[in-house]
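S.K.: Provided below for reference: sequence and predicted model.
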Amino acid sequence: MKQRLITGIVAGAVFLWLCLLGGWPYQLLLTAMALIGFYEFVKMTGLPAMGGTALLGYASVLCFMIPRDLLGSSEWLSWEQGIWLLLLVFLLVTVFSKNKQDIKITALLFTGIVYIGMGFSYMGIARGAEDGHGVFWTFLLLCCIWGSDAGAYFVGKSFGRNKLWPAISPNKTVEGALGGVVISVVISALFAILGPDLLTLGEALLIGLACAVLGQLGDLVQSAYKRVYGIKDSGSLLPGHGGILDRCDSWIIVFPFVHIVMLMPYY
């Protein structure tokens, strides 16, 4: 517990400090986290972490993490065009490798690239919001996610009776999940009160609900994936916490979702 607490405080302080700095320091941190996350993803599958197809995957994740706004350049491909071209490349890997990398492996790696690359990329997009309030939006989402996690844990531990999804995560309860939703919505409402010119109460409630529901689903996605491969943690980078994907599984689902469905008011 002591090790877990120390790791959490140090890692959290570094992350928040770089987030407040923004710009290249924060973008480089997110890029490093994305690459490590993809490394953990590849390792979990049992594939060579530095094999040819995996190296192509790292390069693809880097493409997602290129900060167009910081470089002062416009996007020369839309998200849809970029993802389709990436899909084409990975389909062709099966052809040029003469099925040494079969379609199941390439499809799995493609999934990991989009899952991780887009997840961390949208964290950078939130911080670099065009309205100049990127810290507000980033902290709104993170605080809602963290509040949901804490609420689900403590409410579930105190009042949990009904299992939420025992086949995937036996410790999660329905009561805990509902507690997480309530805490997340309360936090988002507080942000609306603190920033009434940025966020209406109605917008805040929708964002808080989305953070709680999608955040918990993101956690279940990672739990399901690890259960398939019979592992407890995605990595060991953070002592007492596991790997990057263990800590950021909710983040990389929530950040893309709230942007793609246009819940963020600065769009």
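M.R.: Ah, there it is.

S.K.: Run through who's touching the lengthiest strand in the chain.
M.R.: Ordering each strand of the chain by length in residues (DSSP state E) puts strand 169-173 first. When contacts are defined by Cβ atoms under 8 Å, 6 or more residues apart in numbering, strand 169-173 is touched by residues 152, 156, 160-165, 216, 219-220, 223. Glycine gets a C-beta too; all of them are placed from N, C-alpha and C.

S.K.: Would you mind checking these for buried ones?
M.R.: 152, 156, 160, 164-165, 216, 219-220, 223 (16 or more other Cβ atoms under 10 Å).

S.K.: Among those, which lie within strands?
M.R.: Filtering the buried ones among the contacts of strand 169-173 for strands - DSSP E - leaves 164-165.

S.K.: Would you mind finding the longest helix in this protein?
M.R.: Selection of the longest helix in the chain by residue count, based on DSSP state H, yields helix 201-229.

S.K.: is it true that residue 44 touches residue 227?
M.R.: No - counting by Cβ atoms under 8 Å, residue 44 stays clear of residue 227, with 11.1 Å between them.

S.K.: Can you pick out the residue with more neighbours from those two?
M.R.: residue 44 (21 against 14; other Cβ atoms under 10 Å).

S.K.: Okay, the residue sitting furthest away from the middle of the chain and residue 92: tell me how far apart.
M.R.: Farthest-out residue of the chain from its mean C-alpha position, per Cα atoms, centre = their mean: residue 98, at 33.9 Å. Separation of residue 98 from residue 92 (Cβ to Cβ, to the nearest Å) stands at 12 Å.

S.K.: Could you do residue 148 as well?
M.R.: From residue 148 over to residue 92 (counting by Cβ to Cβ), the distance is 41 Å.

S.K.: So those two - more neighbours on which side?
M.R.: residue 148 (31 against 11).

S.K.: pLDDT score assigned to the more buried one?
M.R.: Note on residue 148: pLDDT of 95.

S.K.: Check residue 40 too.
M.R.: For residue 40, pLDDT reads 93.

S.K.: State the helix or strand in which it lies.
M.R.: helix 23-45 (DSSP states H and E).

S.K.: Can you give the distance of that helix from its chain's centre?
M.R.: In this view, helix 23-45 has its centroid 11 Å away from the chain centroid, taken as Cα atoms, centre = their mean, to the nearest Å.

S.K.: ok, back up a step: just the buried positions in whichever helix or strand comes after the longest strand of the chain, please.
M.R.: Per DSSP H and E, the first helix or strand lying C-terminal to strand 169-173 is helix 174-194. Using 16+ other Cβ under 10 Å as the test for burial, helix 174-194 gives 175-185, 187-189, 191-192.

S.K.: Spit out the contact partners of residue 98.
M.R.: Contacts of residue 98 (Cβ under 8 Å, 6+ apart): none.

S.K.: ok, it to residue 106 distance?
M.R.: Taking Cβ to Cβ, one finds residue 98 at 13 Å from residue 106.

S.K.: now swap in residue 50 and tell me
M.R.: 17 Å.

S.K.: neighbour count winner among the two?
M.R.: For residue 50 versus residue 106, neighbours defined as other Cβ under 10 Å are more numerous around residue 106 (21 against 10).
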